[in-house]
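Participant: can't give you the sequence, but here's the structure:
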């Protein structure tokens, strides 16, 4: 009988698509990429649409938790839309993450980049929001098309957050 550890397939490469610009949309991708690199797995992050906020200089330090229409918060929609609630809930979540040593988004992206993970921006989204490479943080290795992203992702697992 074969040993399951030797017959089990291993993941060697992941490409993670980040399309949401909220804490709960960005952190899962960063945690997965960091975990992949810690396990010696090649990882690329592809930021598209509102996910670009995580790598845009003017926005990456001001990411909020989505409080309206977020069923995971168990917060009535009306309450989530009240002035000050998004900031309050965001600060609460950031304090909880800090206690668990989960770094803020800018520090996390820098840390992941330093491990050799690829960080890319979607060209169509950059064009849509009238940004250019200079608007993005220095860790961004390139503004690439979807086709170029698929070339980077070839032979690996694609994860959408």
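Facilitator: Arrived safely. As the structure is a prediction and not an experimental result, all values here were calculated from the model. Residues are numbered from 1 along each chain as shown.
Participant: Only C-alpha atoms from now on, for both contacts and neighbour counts.
Facilitator: Noted.
Participant: Distance-wise, check residue 83 relative to residue 93.
Facilitator: Using CA to CA, to the nearest Å, residue 83 is found at 17 Å from residue 93.
Participant: Repeat that for residue 52.
Facilitator: From residue 52 to residue 93 the distance is 21 Å (CA to CA).
Participant: Just want to know which of those two has more residues nearby.
Facilitator: With neighbours defined as other CA atoms under 10 Å, residue 52 and residue 93 compare such that residue 52 has more, 26 against 16.
Participant: Against residue 132, how distant is that one?
Facilitator: Following CA to CA, the distance that separates residue 52 from residue 132 is 11 Å.
Participant: Which strand residues bridge residue 14?
Facilitator: Beta bridges link residue 14 to residue 43, residue 157, judged by DSSP bridges.
Participant: please begin residue numbering at 676 from this point
Facilitator: I'll keep to 676 as the first residue from here, and by that count the last item is residue 689.
Participant: Would you mind confirming that it makes contact with residue 833?
Facilitator: Yes: Residue 689 is within contact range of residue 833, at 5.8 Å (criterion: CA atoms under 8 Å).
Participant: Compare these two and say which one has the larger neighbour count.
Facilitator: More neighbours surround residue 689 than the other of residue 689 and residue 833, with 24 against 16 (other CA under 10 Å).
Participant: ok, the more buried one - contacts?
Facilitator: 708, 711, 716-719, 828, 831-834 (CA atoms under 8 Å, 6 or more residues apart in numbering).
Participant: cutoff 10 Å now
Facilitator: Contacts for residue 689 (CA atoms under 10 Å, 6 or more residues apart in numbering) come out as 707-708, 711-712, 716-720, 792, 827-834.
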